[in-house]
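Visitor: Got a sequence here, can you build the structure:
(one chain, ligands or ions: 1)
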Amino acid sequence: MSSAASKPAHDWSAAQYLKFGNERTQPVRDLLARVPLQAPQRVVDLGCGPGNSTAVLQSRYPDAHLTGIDSSPDMIRQASSDMPHLQFTVEDLNSYVPSGPVDLFFSNAVFQWLRREDRIEVIKRLMETQPSGGVFALQVPDNLSEPSHVLMRETANAGPWAAKLASAGRDSFQTPQEIYDQLKPLCASVDMFHTSYYHSLENHEAIIEWVKGTGLRPFLDPLSAEEKQGYLREYLKRLAEKYPTCIDGRVLLPYPRLFVVAVKK
Ligand SMILES: C[S@@+](CC[C@H](N)C(=O)[O-])C[C@H]1O[C@@H](n2cnc3c(N)ncnc32)[C@H](O)[C@@H]1O
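Guide: Have a look, this model is predicted:
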């Protein structure tokens, strides 16, 4: 598929996502630090977004043939404009087929957006194309039980928009045990770890700005402009009740994430 596709009605917004670019890129650095490859020849950034994760991959592996794919035209537009020397294409992970063997598949904050029943199948299908010793590294947020996400659902249930938002949100991610049991038959090793970040944000409104770029999108996209305003007012009120204000007036947003580094047999 080409990078020139037009913007769909509910596309991601690279600009909104990059408001917290530095915080969102820290897990990329932490995941990459655990990838046991010195000089991979072919690297693909799956769900590369605006290219923030791809840029980190490029610094570590300047000699690799590096490409990025993402299903969002806006994200691919941003990545291609920032890194015109690399190849970025609009592709859906569910149907993506690599054009040759890939030493490293890297995916930061993407697989949670796939349907639960498709995630592991996509990973296994891609790993099957990798050479022995190839690595599949991914990170996903583990924040569905955090107040930020619980309150999205509570706010959805509590307003005149309840019917429209009845099925909004995303499926829970597989447990580490499920991931291990599914991937291990294909792998020499499946290493997993979990990290909680504590992001210091300016105020409660900043929590909304953060999740507007990601987890809140399925709750806002179906609403009219007026409903959006009402939803956000109610959500903000609930956030202020759950997240205390810090000594300096800021607010700490705890953010747990799960990391997986699988090495092909
Ligand atoms: C949270 S962003 C992650 C961006 C970047 N990898 C990073 O490290 O910050 C999630 C990205 O996954 C992409 N995405 C979601 N579902 C996808 C799919 N089925 N196929 C390809 N990309 C997908 C979105 O378009 C979005 O750019």
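Visitor: Tell me which stretches of the stretch 51-200 of the chain form strands.
Guide: Assigned by DSSP state E, counting those that start in this stretch, the strands in the stretch 51-200 of the chain fall at 65-70, 87-90, 104-108, 135-141, 187-201.
Visitor: Out of the ones you listed, the one nearest the ligand is which?
Guide: strand 104-108 (3.3 Å; CB to the nearest ligand atom). Every residue, glycine included, has its C-beta placed from N, CA and C.
Visitor: Among the strands of the stretch 51-200 of the chain, which comes closest to residue 245?
Guide: Taking CB to CB as the criterion, strand 187-201 is the member of those that comes nearest to residue 245, at 10.9 Å.
Visitor: All the helices of the stretch 101-250 of the chain, residue numbers only.
Guide: Assigned by DSSP state H, counting those that start in this stretch, the stretch 101-250 of the chain shows helices spanning 116-128, 147-157, 176-183, 204-212, 217-220, 225-242.
Visitor: Now tabulate those helices in JSON lines and tack on mean neighbour count.
Guide: Output for these, formatted as JSON lines (neighbours: other CB atoms under 10 Å):
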{"stretch": "helix 116-128", "mean neighbour count": "16"}
{"stretch": "helix 147-157", "mean neighbour count": "18"}
{"stretch": "helix 176-183", "mean neighbour count": "16"}
{"stretch": "helix 204-212", "mean neighbour count": "19"}
{"stretch": "helix 217-220", "mean neighbour count": "20"}
{"stretch": "helix 225-242", "mean neighbour count": "15"}
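Visitor: For those helices, give me a markdown table that also has mean pLDDT.
Guide: Putting the helices of the stretch 101-250 of the chain into a markdown table (pLDDT from 0 to 100) gives the following:
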| stretch | mean pLDDT |
| --- | --- |
| helix 116-128 | 98 |
| helix 147-157 | 97 |
| helix 176-183 | 98 |
| helix 204-212 | 95 |
| helix 217-220 | 94 |
| helix 225-242 | 98 |
